[in-house]
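Peer 1: Here is the input, now give the coordinates:
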Amino acid sequence: MHGYSGDKQAYLTRLRRIEGQIRGLQRMVEEDAYCIDVLTQVSAATRALQAVALGLLEDHVRHCVADAISTGGPEAEEKVKEASAAIARLVRS
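Peer 2: Take a look at the predicted model:
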């Protein structure tokens, strides 16, 4: 079971909403909307994806990493490295 399993429906709802935003962006470009309006919507979709990513990361740390640390051993080290790498990817994006 993954750390986000308890919030799976909420994540799916948010991702579907983001999918709708992306479709709206496609329509805006197809209809030659004003550049700044398109950029504003791109920014909103990006922030929405970042919020999902942060929520998943928090769930991962609370569930997967915490469980591995309580068990100890090499798995704990691996989970901490995974979480650190995920944080680094988020910071770079």
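
Peer 1: Pull out the buried residues from stretch 24-40.
Peer 2: Leu25, Met28 (16 or more other Cβ atoms under 10 Å). Glycine gets a C-beta too; all of them are placed from N, C-alpha and C.

Peer 1: what sits up against that stretch?
Peer 2: By Cβ atoms under 8 Å, 6 or more residues apart in numbering, the list of residues contacting stretch 24-40 from outside reads Gln41, Val42, Ala45.

Peer 1: In terms of helices and strands, where is the second one?
Peer 2: Spelled out, it's Val42. Using DSSP states H and E, Val42 falls within helix 35-60.

Peer 1: And His63, how far from Ala85?
Peer 2: 17 Å (Cβ to Cβ, to the nearest Å).

Peer 1: which sections of this structure are below the confidence cut-off?
Peer 2: 1 (pLDDT under 70).

Peer 1: residues in contact with the most centrally placed residue in it?
Peer 2: Residue closest to the average C-alpha location in the chain (Cα atoms, centre = their mean): Ala53, at 1.8 Å. Going by Cβ under 8 Å, 6+ apart, Ala53 touches Leu90.

Peer 1: do the same with the one 10 residues further on
Peer 2: Residues in contact with His63, defined by Cβ under 8 Å, 6+ apart, are His2, Gly3, Tyr4.

Peer 1: List the buried residues for the next helix or strand after the helix holding Val42?
Peer 2: Sequence order places helix 66-71 as the next helix or strand after helix 35-60, per DSSP H and E. Of all the residues in helix 66-71, those buried under the rule 16+ other Cβ under 10 Å are Ala68.

Peer 1: Kindly report the same for stretch 75-82.
Peer 2: Residues of stretch 75-82 classed as buried by neighbour count (16+ other Cβ under 10 Å): Ala76, Lys79.

Peer 1: got the CA positions of that stretch in CSV?
Peer 2: C-alpha atoms of stretch 75-82 as CSV (Å, rounded to 0.1, in the frame of the first residue of the first chain):
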residue,chain,number,x,y,z
GLU,A,75,15.8,0.0,3.4
ALA,A,76,15.6,3.0,5.6
GLU,A,77,18.7,4.6,4.0
GLU,A,78,17.3,3.9,0.5
LYS,A,79,13.9,5.5,1.4
VAL,A,80,15.6,8.6,2.7
LYS,A,81,17.8,8.8,-0.4
GLU,A,82,14.6,8.4,-2.6
